[in-house]
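need a 3D model of the following:
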Amino acid sequence: MSEVTDRFLRYIKINTQSSEESGSHPSSSVQFDLAKVLTEDLKAMKIPDEDIFFDVEHCYIYCKIRGLQTLPKIGFIAHMDTSPEAPGDNIKPQIVENYDGKDIRLGEGKVLSPDDFPELLQYTGQDLITTDGTTLLGSDDKSGIAEIMTMASYFMTHPEIEHGDICIAFTPDEEIGEGVEYFDAGRFDCDYAYTVDGGEIGELSYENFNAAAAVIAIQGRNVHPGEAYGKMINALRAAERIDSMIPDSERPETTREYEGFYHMTMLHGGPDCAMMKYIIRDHDKTLFEEKKDRLKSICDKVAEETGARVELMLTDSYYNMREKIVPDNMFIINNCVAAMERAGINPIIKPIRGGTDGAMLSYKGIPCPNICAGGHNFHGVYEYVSIESMEKITDLLIEIVKGVACYE
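Predicted coordinates for the structure are as follows:
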């Protein structure tokens, strides 16, 4: 078994699901379990203790492999938490050797089929790691962690290879949008970085959504339905009206590539009061602002039409990192493309229909595009990753570091 595979299988056994409900940081104590293991693994590589820092309050790990001070300091980041959208404890991975291009039976009656997931066919002949149909796998982002750790091990066992400082960080709570809430950019201390948090092998992204969260509180007026004429203001009907005024063409299920959307993530309540939550996304900053303005107008209109009190609370979450990459920092992308070609990987440059820790770090002064970690179908029981992809992505990280020394 390759080193990166062994690390991945060890790390996914540790439940690290984050929680949107706890209000603490990190949002779940289980994330410390993986952080402690990673800290010990870094120490086992003979990295000096003074170059490893474990933030025991907020659950961040910072590590530096020191190199030539004449070369740029390159950072690599992955997140420790897994999504709360599917079960993440007691993961029992399956290894499918020499995949034959046919259906893979996961268990619990679930089937991973190329009929539903046609990209499976590109891995024919490779070894895949899948779930057993009851949990997510954790490739998002323990593939990235395993790849970074294996890259670190490589350079610690090959001190003869010249490189600049290699800066490593592992973060909590990325899945709930709080991955850099307490991130110490000064301690990370790099010139630029890459999040290793993308999907299929070859993915490279320096564009992501602008993002906002919307909470809509609706106060109606409830009276006995037998006496409701001219008196009742049904908060649920007002909520229904708000959602109906959002175009169906601007939903996640009807948009792709650069198209933005509104996505209702929660609705609960009754005739007296109701609450709705949306996420708003668009790559284009102008369209992003227009989407927020439109939702405000919709809420005002429904309040006027129904007599309900409608309160909208909008909070920006992150912005498109493109503004921090183009044009001044495009060399970061060009260096990665060159490294992919040396590693025998076909670059696939595409926008992220989401966000990363790197998007927020780019606005904290660390340009930080996102590169592939190798997995597919994140956040659910159909998640899988190719072992060959993880091995090649490890080679890619090594080539990125080597390339700076060779071509700087």
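
list of residues touching stretch 251-263?
Applying CB atoms under 8 Å, 6 or more residues apart in numbering, the contact partners of stretch 251-263 are 209, 246, 248-250, 278-284, 287-288, 291, 295, 351, 353. All C-beta atoms are positioned from the backbone trio N, CA, C, and that covers glycine.

try 10 Å
Stretch 251-263 is contacted from outside by 207, 209-211, 214, 243, 246-250, 264, 277-284, 287-288, 290-292, 294-295, 298, 350-351, 353, using CB atoms under 10 Å, 6 or more residues apart in numbering.

this protein: helices as residue ranges?
Using DSSP state H, the helices found in the chain span residues 3-12, 31-44, 139-157, 185-188, 235-244, 285-306, 322-325, 330-342, 357-362, 387-407.

can you tell me the number of residues neighbouring Ala86?
As a burial measure, Ala86 scores 18 neighbours (other CB atoms under 10 Å).

now swap in the one 3 residues further on and tell me
Asp89 is flanked by 13 other residues according to other CB under 10 Å.

mind listing what it touches?
Contacts of Asp89 by CB under 10 Å, 6+ apart are 13-17, 30, 82, 134-135.

and the two most separated of the residues you listed?
Val30 and Thr134 (18.0 Å; CB to CB).

and these two? which has more neighbours close in?
Val30 (20 against 16).

the more buried one and Ser22 touch, don't they?
No: if you go by CB atoms under 10 Å, Val30 and Ser22 don't touch, sitting 11.2 Å apart.

ok, the residue nearest in space to the middle of the chain - contacts?
Nearest to the mean C-alpha position of the chain, by CA atoms, centre = their mean, lies Thr356 at 5.1 Å. Contacts for Thr356 (CB under 10 Å, 6+ apart) come out as 77, 79, 141, 174, 179-180, 194-198, 205, 208, 318, 321, 362, 368-370.

for it, give its distance to Ile52.
The gap separating Thr356 from Ile52 is 24 Å, by CB to CB, to the nearest Å.

so which of the helices of the chain is nearest Pro118?
The nearest among the helices of the chain, by CB to CB, is helix 387-407 at 16.7 Å.

buried stuff in the closest one?
387-405 (16 or more other CB atoms under 10 Å).

cool, and stretch 372-386?
Neighbour counts over stretch 372-386 (16+ other CB under 10 Å) mark 372-379, 381-386 as buried.

using PDB, list the CA coordinates for that stretch.
Coordinates of the C-alpha atoms in stretch 372-386 are reproduced here as PDB (Å, rounded to 0.1, in the frame of the first residue of the first chain):
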ATOM      1  CA  CYS A 372      -7.300  19.000  -7.000                       C
ATOM      2  CA  ALA A 373      -7.400  16.500  -4.100                       C
ATOM      3  CA  GLY A 374      -8.800  13.700  -6.300                       C
ATOM      4  CA  GLY A 375     -12.300  12.800  -4.900                       C
ATOM      5  CA  HIS A 376     -15.800  12.800  -6.400                       C
ATOM      6  CA  ASN A 377     -19.400  13.100  -5.100                       C
ATOM      7  CA  PHE A 378     -18.400  14.800  -1.800                       C
ATOM      8  CA  HIS A 379     -20.800  15.100   1.200                       C
ATOM      9  CA  GLY A 380     -22.600  11.900   0.500                       C
ATOM     10  CA  VAL A 381     -22.600   8.100   0.500                       C
ATOM     11  CA  TYR A 382     -21.600   8.000  -3.200                       C
ATOM     12  CA  GLU A 383     -18.200   9.600  -2.500                       C
ATOM     13  CA  TYR A 384     -15.100   7.900  -3.900                       C
ATOM     14  CA  VAL A 385     -11.500   8.600  -4.800                       C
ATOM     15  CA  SER A 386      -8.900   6.900  -7.000                       C
END
